[in-house]
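Enquirer: Need coordinates for the below:
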Amino acid sequence: MPLNRGTRNKPRYCGYAKYRGRKKWIGTFETLEEYNLEKARCLAELQEEVNNPHSQRNGSITVAKFAGASFHDNGRITMTWPDGERCQKETGRRGSTIRRLRDGLRPFVREFHDRPLDSFTRDEAVTWTRPKGANTQQAVRQFFNHAEDRDLIDRNLFTKLGASKRKRRVDRPDFEIISDEAYARLRQGARECRADDYGLVLEGAVLTIGDEALRPGEIFALHRPELHFDKGLIHVKRQIALETGEITWPKDDDGRWVPMTPAWREHIERMPRMGKVVNKDMGEIVFPSPQGGYMWRSTWSSWWKAICAAAGMPGQDFYDLKHRAIQWMVTPVEEDGLGLDPATVAEVVGHDDGGYLIATVYTKLGQRRAIARAQRALDAYQQRRDAADSEPPRLTVVRDAA
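Expert: Numbers count the residues shown, from 1 in each chain. Got it, this is the predicted structure:
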């Protein structure tokens, strides 16, 4: 008997067709007649698949089969994709990446689970995908890329759809770098939002992203043995998945060395050591939760809201402090910056593009400052010319050699 997810007056019938241990999700229908017709069709497909497993050619493998999808009685969908599919990183995909891909693919599997992979048209791909979010667009595109890799389809129709991409925050016209005054208020808010010494730990986390440009996951995965005060360097070796507490490798799989700024070093040397040794091979946690263990996103989110409220900056994004650090690194020395070249900054912050992103994005953020510098230079040039024109001609006395 089908399940009724609706009411007695407005029924919604759904269920599975089952045959020899295999089952197919039938879907949801408003009448029992429609449900029974769809059930008969799904049952016939199951019988064909079980009784004649070699009758299908590769191209007619269904979406659900290629995704390794299983439909549960409560409507939940689990899948094995993208296990076993190609990945650019030698170390494989992170757990968070796999979860994101599966979450993005579920709407597609739910709607087209019984469709053969090669049955879609270009018009159907464009019409269905464009209104979806970026996560779903990426997951479906990658799903069919993998199908193309295995010669299950001739080409991927779910790519180059012309869907608008969401601009990065630093690319938006209204984005502004956090000022030094606002940065100081955030530090003070972190220091004062706790009456005890734990406020210094919170301020240290703010300093680590605002001065050192470490990513949030890298900050809360730092351990004391990775702070080399004798060399003035931080060895970024790992990061923590703030949603799950899983310790993983840094972004792009590469560790790096980050120079300590004087302000950061001075603060860490006087900051209380309140972290536990969760793993004896890693050592003491540098920026722990109040209980001494690893910081999770939910815990840090609460503290960050308190810090922003104390600083009078509600809604401020924590990651924006990383942009502040990078802009400070590329700002010229005469404007109180470090004056580093893009390639050097890229090495410090962990970009593997040789400085391309720094040169094309963060230098644009300093466009107003560049225009102001040019105007000051032109004003100084004009003043020199005016001063030269206003000076009276100098007379040179020539004496007779005789």
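Enquirer: Pass me the low-pLDDT residue ranges in the stretch 251-400 of the chain, would you?
Expert: 252-253, 363-369, 391-400 (pLDDT under 70).
Enquirer: longest helix anywhere in this structure?
Expert: helix 367-390 (DSSP state H).
Enquirer: where do the strands sit along the stretch 251-400 of the chain?
Expert: Here the stretch 251-400 of the chain has its strands, by DSSP state E, counting those that start in this stretch, at 256-259.
Enquirer: Which stretches in it count as helices?
Expert: Applying DSSP state H, counting those that start in this stretch to the stretch 251-400 of the chain gives helices spanning 262-270, 297-311, 320-330, 342-349, 356-357, 363-365, 367-390.
Enquirer: With Asp336 as the reference, name the closest of those helices.
Expert: Among the helices of the stretch 251-400 of the chain, helix 320-330 comes nearest to Asp336, with 8.2 Å by CB to CB. The way it works is simple: take the backbone N, C-alpha and C, and place the C-beta from them, glycine included.
Enquirer: Compute the inter-axis angle for that closest one and helix 367-390.
Expert: With axes from the mean of the first three to the mean of the last three CA atoms, to 10 degrees defining the directions, helix 320-330 sits at 30 degrees from helix 367-390.
Enquirer: what helices or strands is helix 320-330 leaning on?
Expert: Secondary structure elements in contact with helix 320-330, counted by 3 or more CB pairs under 8 Å, 6 or more residues apart in numbering; DSSP states H and E, are helix 180-192, helix 198-210, helix 342-349, helix 363-365.
Enquirer: As a markdown table, the helices of the stretch 251-400 of the chain with mean neighbour count would be great.
Expert: Compiled in a markdown table, the helices of the stretch 251-400 of the chain are given as follows (neighbours: other CB atoms under 10 Å):
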| stretch | mean neighbour count |
| --- | --- |
| helix 262-270 | 14 |
| helix 297-311 | 17 |
| helix 320-330 | 22 |
| helix 342-349 | 19 |
| helix 356-357 | 16 |
| helix 363-365 | 15 |
| helix 367-390 | 10 |
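Enquirer: Nearest to Phe120, out of those?
Expert: Evaluated with CB to CB, the helices of the stretch 251-400 of the chain place helix 356-357 nearest to Phe120, the distance being 35.0 Å.
Enquirer: Packing partners of the closest one?
Expert: Applying 3+ CB pairs under 8 Å, 6+ apart, one finds that helix 356-357 contacts helix 342-349.
Enquirer: Name the residues that touch the helix it packs on?
Expert: Residues from elsewhere that reach helix 342-349, judged by CB atoms under 8 Å, 6 or more residues apart in numbering: 213, 256, 258-259, 322, 325-326, 329-330, 340, 352-359, 362-363.
Enquirer: Likewise for stretch 289-304?
Expert: 193, 198, 202, 205, 216, 220-221, 240, 242-243, 245, 274-276, 278, 285, 287-288, 318.
Enquirer: And for stretch 35-50?
Expert: Contacts for stretch 35-50 (CB under 8 Å, 6+ apart): 2, 13-15, 17-20, 22-27, 29, 55-56, 114.
Enquirer: Can you give me the buried ones in that stretch?
Expert: Buried positions in stretch 35-50, judged by neighbour count with 16 or more other CB atoms under 10 Å: Tyr35, Glu38, Lys39, Cys42, Leu43, Glu45, Leu46, Glu49.
Enquirer: related to what we said a few turns ago, worst average pLDDT in the helices and strands packed on helix 320-330?
Expert: Comparing mean pLDDT across these, the weakest is helix 363-365, with a mean of 61.
Enquirer: Show me the protein divided up by domain.
Expert: 1-44, 56-166, 183-317 (automatic domain parsing).
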